[in-house]
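Undergrad: predicted model follows, preceded by the sequence.
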Amino acid sequence: MADKNEQEQMKGMFEKLAELMSSAAEKNGGKVPEEMFDMLTPAESLNTDYIGDFLDEQFPGGEITVFHELLSEKVHIDVFIKEPAQDRPYYVIMTSGMSDLPMTLPEDFSDKFKAAHERAELMMFLPRDWHIHDEDAKEDKWFWCIRALKSAARYPHLCDTWIGHGHDIQFTEPVEPFAENTKLCALMFAYPDCERLMYLTGHEGMRINVYMAIPIYEEEMLYKIGFDGDGSTELLCKLFGEDDVPLEAYIVDINRKNCCAE
């Protein structure tokens with residue numbers, strides 16, 4: 001249930017929305033344009049329960065809280081937050097809602113490939129000392145990870161494209177760091193090197209791929225894009241090595257070494 005502040009914020013947002021819809025109707029012969037209704041989405045993802053169960057099963061211990069989205073465009077994106085546990089020194093944050101709609105894969109891809117890759121959710125690991133619940137959590141230097149995950153999860157649906165293993169997204173042009181305390185500026189997406197985390201089964205048996213969202217530097221992104229061959233694999237090898245990657249290696253480090261810096 002929303003607390004008092006959330007309720008007040010929600011009330012204000014819906015009052016503003018009502019004003020916008022009323023104004024649009026006046027300009028449209030008294031009828032609210034249909035495209036405005038398309039911006040309103042259900043308050044809960046089709047796969048909310050499946051994602052919660054997945055997190056509990058794969059990351060035992062630690063409670064789950066949810067960063068709820070109040071108003072949504074195209075898809076409703078919440079962020080699940082799995083608290084650290086005694087034997088797991090990191091938060092697991094994961095989107096919920098990206099998989100409600102299929103992504104748009106290239107037409108020349110096979111139907112089998114499309115069925116296996118058209119739905120996804122995004123995951124990130126944050127260190128135990130990350131500010132998640134206190135007042136500092138609202139500052140850009142802590143909140144950027146949630147903002148970036150939500151933006152990335154909505155991106156394929158707004159732009160009629162898709163996200164898959166080895167893809168990347170930059171969020172500004174020109175490229176700017178996520179926050180003042182780091183030079184990380186983009187996200188790369190990859191299957192975690194752990195088979196049990198690569199996908200989950202959702203609503204009506206749909207396959208939902210789970211991609212680690214890995215913050216990267218501009219030089220790393222350019223290296224991946226400009227590599228003559230499989231740049232994503234080369235960059236992942238530079239980041240994590242060629243051997244089995246322990247889950248702890250995916251924990252975000254805002255000061256980690258830039259593996260492509262000269």
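TA: Happy to help now that I have it.

Undergrad: residue boundaries of the strands in the stretch 51-200 of the chain?
TA: Remark: strands assigned in the stretch 51-200 of the chain by DSSP state E, counting those that start in this stretch are 64-67, 78-82, 90-96, 120-127, 168-170, 186-190, 199-201.

Undergrad: got those strands as a markdown table, with mean pLDDT, distance to K141 and mean neighbour count columns?
TA: Bear in mind the C-beta positions are built from the backbone N, C-alpha and C, glycine included. Conversion of these to a markdown table gives the following (pLDDT from 0 to 100; distance: least, C-beta to C-beta, whole Å; neighbours: other C-beta atoms under 10 Å):
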| stretch | mean pLDDT | distance to K141 | mean neighbour count |
| --- | --- | --- | --- |
| strand 64-67 | 94 | 17 | 15 |
| strand 78-82 | 96 | 17 | 22 |
| strand 90-96 | 98 | 16 | 25 |
| strand 120-127 | 98 | 12 | 22 |
| strand 168-170 | 96 | 19 | 17 |
| strand 186-190 | 98 | 17 | 23 |
| strand 199-201 | 97 | 31 | 18 |
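
Undergrad: between those, which gets nearest to P215?
TA: Of all the strands of the stretch 51-200 of the chain, strand 186-190 sits nearest to P215, with 6.1 Å by C-beta to C-beta.

Undergrad: what about the closest one, distance to the chain center?
TA: 10 Å (C-alpha atoms, centre = their mean, to the nearest Å).

Undergrad: same deal with stretch 150-164?
TA: Distance, stretch centre to chain centre, for stretch 150-164: 9 Å (C-alpha atoms, centre = their mean).

Undergrad: spell out for me which residue occupies the centre of the protein.
TA: L149 (2.9 Å; C-alpha atoms, centre = their mean).

Undergrad: my guess is that residue meets M124, correct?
TA: Yes: contact criterion C-beta atoms under 8 Å: L149 and M124 qualify, at 6.1 Å.

Undergrad: which residues do those two both contact?
TA: Residues touching both L149 and M124 by C-beta atoms under 8 Å, 6 or more residues apart in numbering: I93, A213.

Undergrad: what sits against the residue lying closest to V252 once chain neighbours are set aside?
TA: Distances taken as C-beta to C-beta, 6 or more residues apart in numbering place L126 nearest to V252, at 5.5 Å, with adjacent residues excluded. Neighbouring residues of L126 by C-beta under 8 Å, 6+ apart: Y90, Y91, I93, I132, C145, I251, V252.

Undergrad: does the last one touch P215 like I think?
TA: Yes: counting by C-beta under 8 Å, V252 does reach P215; the two are 5.9 Å apart.

Undergrad: list the buried residues for the longest strand seen in the chain?
TA: Ordering each strand of the chain by length in residues (DSSP state E) puts strand 207-216 first. Buried residues in strand 207-216, counted by 16 or more other C-beta atoms under 10 Å: I208, N209, V210, Y211, M212, A213, I214, P215, I216.

Undergrad: that strand pairs with which strands, and in what direction?
TA: When pairing is defined by DSSP bridges, strand 207-216 lines up against strand 120-127 (parallel), strand 186-190 (antiparallel), strand 199-201 (antiparallel).

Undergrad: run through the stretch 51-200 of the chain and note the low-pLDDT ranges.
TA: Judged against pLDDT under 70, the stretch 51-200 of the chain has no low-scoring part.

Undergrad: need the helices for it, in chain order.
TA: In the stretch 51-200 of the chain, the helices defined using DSSP state H, counting those that start in this stretch lie at 111-117, 140-158.
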